[in-house]
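S.K.: Take a look and give me a structure for this.
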Amino acid sequence: MLGGMVDLETVVPLAEVRRAHELSERGRTRGKIVLRVGA
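M.R.: Numbers count the residues shown, from 1 in each chain. You can find the predicted model right below:
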């Protein structure tokens, strides 16, 4: 976090939570994985 900014790796719809979890488990992300809820 630099200057109050958060590094985002990707934004994933809640319906793809499995894919988000797989990305996290790989350990190769450089930022946060965000789950988007709603439209």
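
S.K.: give me phi/psi at the residue positioned nearest the centre of the chain?
M.R.: Residue closest to the mean C-alpha point of the chain, counted by Cα atoms, centre = their mean, is Ile33 at 0.9 Å. The phi/psi pair for Ile33 (degrees, to the nearest 10) reads phi -110, psi 120.

S.K.: got it, and Thr29?
M.R.: Taking degrees, to the nearest 10 as the convention, Thr29 sits at phi -80, psi 150.

S.K.: All the strands of this structure, residue numbers only.
M.R.: Listed in chain order, the strands of the chain (DSSP state E) span 8-13, 32-36.

S.K.: Redo these as JSON lines? Include mean pLDDT and distance to His21.
M.R.: Any C-beta I mention is one placed from the backbone N, CA and C, and that applies to glycine too. Below are those laid out as JSON lines (pLDDT from 0 to 100; distance: least, Cβ to Cβ, whole Å):
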{"stretch": "strand 8-13", "mean pLDDT": "94", "distance to His21": "9"}
{"stretch": "strand 32-36", "mean pLDDT": "96", "distance to His21": "9"}
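
S.K.: need the ones you listed in JSON lines with distance to Arg26, can you?
M.R.: Formatted as JSON lines, those follow (distance: least, Cβ to Cβ, whole Å):
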{"stretch": "strand 8-13", "distance to Arg26": "11"}
{"stretch": "strand 32-36", "distance to Arg26": "11"}
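
S.K.: Tell me where the model's unsure across this protein.
M.R.: In the predicted model of the chain, residues 1-2, 39 satisfy pLDDT under 70.

S.K.: if we go to 80?
M.R.: Scanning the chain for pLDDT under 80 picks out 1-3, 39.

S.K.: Please tell me how far Phe20 sits from Arg28.
M.R.: Not quite, residue 20 is Ala, not Phe. In this view, Ala20 and Arg28 are 14 Å apart by Cβ to Cβ, to the nearest Å.

S.K.: So these two - more neighbours on which side?
M.R.: Taking other Cβ atoms under 10 Å, Ala20 and Arg28 do not tie; Ala20 has more neighbours (19 against 8).

S.K.: check contacts around the spatially closest residue to the more buried one that is not a sequence neighbour.
M.R.: Nearest non-adjacent residue to Ala20, counting by Cβ to Cβ, 6 or more residues apart in numbering: Val12, 4.2 Å away. Neighbour list for Val12: Arg19, Ala20, Leu23, Ile33, Val34, Leu35, Arg36 [criterion: Cβ atoms under 8 Å, 6 or more residues apart in numbering].
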